[in-house]
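Student: Have a look at this fold, sequence not included:
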């Protein structure tokens, strides 16, 4: 579960983007980049309370970046 680590799947592709709710955007961006890098191209199922249905999916490498693949998508 990502809790408030990511508010939108767009943050997988752009982990430096923060919402207005981030108290320390720089620290959260570092944490988000680390979280994404460790889980990219693994079998880890990511669940986010903030993503639209289906909320589950995987982090995949996409060229030089990352993307979120929703389950069933």
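Tutor: The structure has been received and is ready for your questions. Everything numeric here is computed off the predicted structure, so don't read it as measured data.
Student: which residues of the chain score low on pLDDT?
Tutor: 73 (pLDDT under 70).
Student: do you know how far the residue positioned nearest the centre of the chain is from residue 30?
Tutor: Residue closest to the average C-alpha location in the chain (C-alpha atoms, centre = their mean): residue 12, at 4.0 Å. With distances taken as C-beta to C-beta, to the nearest Å, residue 12 is found 15 Å from residue 30. The way it works is simple: take the backbone N, C-alpha and C, and place the C-beta from them, glycine included.
Student: mind checking the SS state of the residue located most distally from the centre of the chain?
Tutor: The outermost residue of the chain relative to its centre, with distances by C-alpha atoms, centre = their mean, is residue 23 at 17.8 Å. Counting by DSSP: H, G, I helix; E, B strand; the rest coil, the backbone at residue 23 sits in coil.
Student: OK, contacts around it?
Tutor: For residue 23, the contact set (C-beta atoms under 8 Å, 6 or more residues apart in numbering) is empty.
Student: backbone phi and psi for it, please?
Tutor: phi -80, psi -40 (degrees, to the nearest 10).
Student: got it, and residue 70?
Tutor: According to degrees, to the nearest 10, residue 70 has phi -70, psi 140.
Student: if I read this right, it contacts residue 57, doesn't it?
Tutor: Yes. Residue 70 is within contact range of residue 57, at 4.3 Å (criterion: C-beta atoms under 8 Å).
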